[in-house]
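A.B. asks: after the sequence you'll find the predicted model.
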Amino acid sequence: MKAWTVHACLTAILSVSSSAYAATDLKIYAASSMTNAIDEIVQKFEHKYDVSVTSVYGGSSSIARQITNGAPADIFISANTKWMDYLVDSGVIPRDSVTNLVHNRLVVIAPKSSDTVSFNFSDLNAWQQVLEGQRLALGNPMSVPAGMYAKESLTHLGIWKALERQIAPAKNVRMALALVERGEAPLGIVYQTDAQLSNKVKIVGELADNSHTAIIYPAAIVKDSTESKQLFEYLQSSDAQQVFAQYGFQ
């Protein structure tokens, strides 16, 4: 009888401990372009609040679909408003829980060792001379926000149709960056924040802000809890904003 009682008590204690841990083990799903900034912010948050946080990164479209299929996200940060709206329209996230967190900019990059310098982005011949029949790396323009912004910008410049067949569509912006880093593409279009993290590429110019939709990163609480609200508020704090600024977010 006593042995059974001890076993039952231990089971109950372990169950309570497991539940308590699970309640403070947060999961933040974020666009891959936020990897470095979120990693640092999460580290600061964990140290300050003694709450465990797991970060999951990927393309915003992929993450949004994972969340609609039941992925255990507590907070989601998208690289554009489209995929946040997708979750709102799907009834997964309430509209009033969404807030715009930071902004970014779009730049054209080339391998560090390349002779390419800044050129007129509205001049199709200039693009062709640099590409020399090779690929232009960018996120998949059908689903990846960075690629969607790039398509908007090149369409605005009147050269998208001519360059479309030379696009090397990547699953996310970090993969597009990697193609240029490895010299597999002579040019790429990525976020400024990604470009400035790499010592293997150089920025040859910036695509005008008025040539594409504003690059906004909306964030939202997916699973409401005291801890998720705590983390959500911390993402908007001056401490977190300083980290975002350090990595080039505006």
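C.D. replies: Noted; the coordinates are in hand.
A.B. asks: rest of the way, CA atoms for contacts and neighbours
C.D. replies: OK.
A.B. asks: wait, what's in contact with the residue minimising distance to the centre of the chain?
C.D. replies: Nearest residue to the geometric centre of the chain (Cα atoms, centre = their mean): Ala31, 2.0 Å. Going by Cα atoms under 8 Å, 6 or more residues apart in numbering, Ala31 touches Tyr57, Gly58, Gly59, Ser60, Ile63, Ile77, Ser78, Ala79.
A.B. asks: now Tyr86. Nearest residue, chain neighbours left out?
C.D. replies: Ala64 (7.6 Å; Cα to Cα, 6 or more residues apart in numbering).
A.B. asks: element containing the one you found?
C.D. replies: Here Ala64 sits within helix 60-68, counting by DSSP states H and E.
A.B. asks: downstream of that helix, the next helix or strand is which one?
C.D. replies: Next element after helix 60-68 (DSSP H and E): strand 75-77.
A.B. asks: what packs against that following strand?
C.D. replies: Counting contacts by 3 or more Cα pairs under 8 Å, 6 or more residues apart in numbering; DSSP states H and E, strand 75-77 packs against strand 25-31, strand 216-221.
A.B. asks: for the first one, which positions count as buried?
C.D. replies: Translated: strand 25-31. Leu26, Lys27, Ile28, Tyr29, Ala30, Ala31 (16 or more other Cα atoms under 10 Å).
A.B. asks: ok, so of those residues, who is nearest Asp224?
C.D. replies: Ranked by distance to Asp224 (Cα to Cα), the buried residues of strand 25-31 are led by Leu26 at 10.8 Å.
A.B. asks: which residue packs closest to that closest one, ignoring adjacent ones?
C.D. replies: Nearest non-adjacent residue to Leu26 (Cα to Cα, 6+ apart): Val53, at 4.6 Å.
A.B. asks: so the one you found sits right up against Tyr29, yeah?
C.D. replies: No - here Val53 does not reach Tyr29: they are 10.5 Å apart, not a contact under Cα atoms under 8 Å.
A.B. asks: returning to what we had before: for the residue nearest to Tyr86, list the residues it contacts.
C.D. replies: Counting by Cα under 8 Å, 6+ apart, the residues that Ala64 touches are Trp83, Met84, Tyr86, Leu87.
A.B. asks: so what's the first one up against?
C.D. replies: Shown in contact with Trp83 (Cα under 8 Å, 6+ apart): Ser60, Ser61, Ala64.
A.B. asks: now those residues in TSV, with distance to Ile41?
C.D. replies: Below are the contacts of Trp83 laid out as TSV (distance: Cα to Cα, whole Å):
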residue	distance to Ile41
Ser60	19
Ser61	23
Ala64	22
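A.B. asks: number of residues surrounding the nearest residue to Tyr217 once chain neighbours are set aside?
C.D. replies: The shortest distance from Tyr217 to any non-neighbouring residue, by Cα to Cα, 6+ apart, is to Ala79 (4.7 Å). When counting by other Cα atoms under 10 Å, one arrives at 26 neighbours for Ala79.
A.B. asks: Ala79 reaches Ile215, doesn't it?
C.D. replies: Yes - with contact defined as Cα under 8 Å, Ala79 reaches Ile215; the gap is 7.3 Å.
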